[in-house]
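Engineer: Sequence isn't available, so here's the structure alone:
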């Protein structure tokens, strides 16, 4: 291969391996053998005279040269799509898989509306979502198992980049007729007299509640924690059955509050606002469906405008 000659199939293979971080997965998506993917990448590296990937175990990450080439590759592919639009009057459809990892609040109460708005314009993008807690979602992104994460807390690492999605408020949740369900907004001192049902460590709601308590000069040790449960649905059911009160996202109890099954109230002396984020790993380049989804969120009225 001449040094100045970069065949498009080789460039496409390189870009797919970069986005998936794995030669085997790239081969499967492209309908090639793993040996063919390796040969094309090696040919590009020989042509350019520099390594494009760092290989460790079964995964690969881009070198600085590889990251630079990927940027140019995306410009080439964008230009090809622009040429198609100019000649045919039609956009080339975005095709592929978009993998998202989410914590429960954005995954259950924010993401459905976003995907309902995103889906009709991108019918060939297959979206796959896993829902856990915030730490699990961030871990999925760091491991390359998800393109993007939607979370209720940050883990500060230099390779993680966060975008503000929306704002949220945590509220006291109690059954109707409970002493804290009526009258003035309850205080933390009043809350401390009642059994409390909380989310598991690692969840964004738990982290947000503990951070708010710390700002108020308190900690969970000041409260009567009766149960620790791994989902908002389980906590709401426990509250309905009289096992305690809870502090949850206002988004998580909208339906139950509207139906009169639960009462949701602000806590007078607790600043319980929090933020929901989209997270990506800068060490990995995004697939085209992920880039399109990110661009969609940047302009979506459903987001908080924190981009």
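Structural biologist: Looks like it arrived, so ask away. The model shown is predicted, which means the values in this text are computed figures rather than measured ones.
Engineer: list the contacts for residue 239?
Structural biologist: 173-175, 197, 245-246, 262 (C-beta atoms under 8 Å, 6 or more residues apart in numbering). (C-beta placed from N, C-alpha, C; glycine too.)
Engineer: okay, now residue 34: neighbour count?
Structural biologist: Using other C-beta atoms under 10 Å, residue 34 has 14 neighbouring residues.
Engineer: could you measure it against residue 104, distance?
Structural biologist: 37 Å (C-beta to C-beta, to the nearest Å).
Engineer: domain assignment for this protein?
Structural biologist: The record's domain parsing of the chain by automatic domain parsing lists 8-88, 96-166+275-299, 167-273.
Engineer: could you dump the ones you listed to CSV with mean pLDDT?
Structural biologist: As requested, the domains of the chain are arranged in CSV below (pLDDT from 0 to 100):
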stretch, mean pLDDT
domain 8-88, 89
domain 96-166+275-299, 93
domain 167-273, 94
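Engineer: Which stretches in the chain count as helices?
Structural biologist: Secondary structure of the chain (DSSP state H): helices at 8-20, 23-30, 34-48, 64-88, 104-109, 111-118, 134-142, 188-191, 204-215, 232-240, 254-258, 288-299.
Engineer: For these, give me a markdown table that also has distance to residue 281.
Structural biologist: Below are the helices of the chain laid out as a markdown table (distance: least, C-beta to C-beta, whole Å):
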| stretch | distance to residue 281 |
| --- | --- |
| helix 8-20 | 12 |
| helix 23-30 | 16 |
| helix 34-48 | 21 |
| helix 64-88 | 13 |
| helix 104-109 | 18 |
| helix 111-118 | 19 |
| helix 134-142 | 5 |
| helix 188-191 | 37 |
| helix 204-215 | 18 |
| helix 232-240 | 27 |
| helix 254-258 | 32 |
| helix 288-299 | 11 |
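Engineer: and the residue positioned nearest the centre of the chain, what are its bridge partners?
Structural biologist: Nearest to the mean C-alpha position of the chain, counting by C-alpha atoms, centre = their mean, stands residue 149 at 1.6 Å. With DSSP bridges as the criterion, residue 149 is bridged to residue 101, residue 279.
Engineer: Looking at the helices of the chain, which is nearest to residue 269?
Structural biologist: Residue 269 lies closest, by C-beta to C-beta, to one member of the helices of the chain: helix 188-191, at 5.5 Å.
Engineer: In the closest one, which residues are buried?
Structural biologist: 188, 190-191 (16 or more other C-beta atoms under 10 Å).
Engineer: separation between residue 202 and residue 144?
Structural biologist: 20 Å.
Engineer: And for residue 175?
Structural biologist: Applying C-beta to C-beta to residue 175 and residue 144 gives a distance of 44 Å.
Engineer: Same question for residue 237.
Structural biologist: Distance from residue 237 to residue 144, by C-beta to C-beta: 35 Å.
Engineer: Between the two, tell me which one has more neighbours.
Structural biologist: residue 144 (19 against 13).
Engineer: Isn't that one up against residue 58?
Structural biologist: No: the pair residue 144 / residue 58 is not scored as a contact, 10.7 Å apart, by C-beta atoms under 8 Å.
Engineer: For these two, list the residues in contact with both.
Structural biologist: In contact with both residue 144 and residue 58: residue 22, using C-beta under 8 Å, 6+ apart.
Engineer: Let me see the backbone angles for the closest residue to residue 283 other than its chain neighbours.
Structural biologist: Using C-beta to C-beta, 6 or more residues apart in numbering and skipping the chain neighbours, the partner closest in space to residue 283 is residue 159 (4.8 Å). Backbone torsions of residue 159, given as degrees, to the nearest 10, read phi -90, psi 0.
Engineer: which residues touch residue 159?
Structural biologist: So residue 159 contacts 142, 281-283 (C-beta under 8 Å, 6+ apart).
Engineer: switch the cut-off to 6 Å
Structural biologist: 281-283 (C-beta atoms under 6 Å, 6 or more residues apart in numbering).
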